[in-house]
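Novice: one predicted model, sequence on top.
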Amino acid sequence: MTWKNQLQKDSVPWLLESDNLGVRYLALRDLLDLPHEDRELKAARQAAHKEGPIAKVLSQMNKEGYWVKPGPGYNPKYSSTVWSMILLAQLGASVNEDKRIEQACKYLLNHMAEGGQFTTSSSGAPSGTIDCLQGNLCWSLMQMGYADPRLKSAYEWMARTVTGEGIAPLENKDAPVRYYAYKCGPTFACGVNNKLPCAWGGAKVMLAFSKLPVKGRTPLIKKAIQQGVDFFFSIDPATAEYPTRSEDKPSRNWWKFGFPVFYVSDILQIAEALVGLGHGHDPRLSNTLKFIREKQDNEGRWPLEYDYAGKTWINFGKKKQPNKWVTLRALRILKALN
């Protein structure tokens, strides 16, 4: 039995069609497991970078390495440096294919706070740190293959914020290392979420941890990963009944699959993180995987249910229609279960 037995119909040939250069490249790489130097994969990778959506995003980059305006790059959403980098990573951009990507990665790290914090603050102050941003950018830099010793401090800060080790409370203003208004406490606590753990931010953090090779995970990072796993499995992830800032039910965005994925998370992203961390066959994830499988249509395709149309550099399809980017996200997870 192969992973494709989970599909109503094999949709991989659809993803390999030449009308979408970005999806074709990633399907060859991630679903067919072609060797890096395979002729077909190499041609697809080059096409994705020179003619596909990666090229369009890079065409908007300033030669110094930023988008829209200089600085840490959180605003304006969703076209500034932060969001363009996250988008490039999700499109499969690689520092080995275009020097501009390496320049952008370097620029981003040059605007990271000294303590390893990526920040929403236009001044670059560490007080603007927040889980969703930290996780997204750590993941993006790793995904694009950028090697830099400064990433170690970014991961170190992220792990400490999960466990609480060596970080003073928010109220201790004079402490050299402390929590802040947004990143206000351990286990994904977030000021935007009334100081409750934010599962959206937590999903980004866990996804970033999943990109670290096991041998590169320090005892602190391993502890943070386990704490995160315990949090996400404290309920059935398929219910998404994680703490919210009000008495309302969980955001319906949890069950809407989309592309790209910025600070909002969905069930697919939780599954991607937990499967990537080795929990794909944990029975506590079974309902989540069942939910993912049941959203496919009779052709083995998944629809686009949320997007950022008109807000970022590219539109990725029509809502409620089968979507190659979303289908690719789902198939990666199902394949990883083998």
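Specialist: Looks like it came in fine.

Novice: so in terms of bridging, what pairs with the nearest residue to Cys198 once chain neighbours are set aside?
Specialist: Leaving out its chain neighbours, the residue that sits closest to Cys198 by CB to CB, 6 or more residues apart in numbering is Cys190, at 3.9 Å. All C-beta atoms are positioned from the backbone trio N, CA, C, and that covers glycine. Judged by DSSP bridges, the bridge partners of Cys190 are Lys183, Leu196.

Novice: correct me if wrong: Glu156 contacts Leu220.
Specialist: Yes: counting by CB atoms under 8 Å, Glu156 touches Leu220, with 7.1 Å between them.

Novice: quick check, the residue nearest to Cys198 in contact with Leu133.
Specialist: No: taking contacts as CB under 8 Å, Cys190 lies outside contact range of Leu133: 10.9 Å.

Novice: next, show the common contact partners of these two.
Specialist: Here Cys190 and Leu133 share no contacting residue, scored by CB atoms under 8 Å, 6 or more residues apart in numbering.

Novice: check the offset of stretch 257-273 from the chain's centre.
Specialist: 7 Å (CA atoms, centre = their mean, to the nearest Å).

Novice: next one: stretch 316-328
Specialist: For stretch 316-328, the distance to the chain centre is 18 Å (CA atoms, centre = their mean).

Novice: equivalent analysis for stretch 274-289, please.
Specialist: Taking mean C-alpha positions (CA atoms, centre = their mean), stretch 274-289 and its chain are 17 Å apart.

Novice: what of stretch 123-142?
Specialist: With CA atoms, centre = their mean, you get 12 Å for stretch 123-142.

Novice: on that earlier part again, how much space between the residue nearest to Cys198 and Thr120?
Specialist: Taking CB to CB, to the nearest Å as the measure, Cys190 falls 12 Å from Thr120.

Novice: compare the two (neighbour count), which wins?
Specialist: Cys190 (24 against 18; other CB atoms under 10 Å).

Novice: hey, where'd the helices end up in this structure?
Specialist: 12-15, 21-30, 39-50, 53-58, 81-90, 99-110, 131-143, 150-163, 199-210, 219-232, 267-276, 286-294, 324-336 (DSSP state H).
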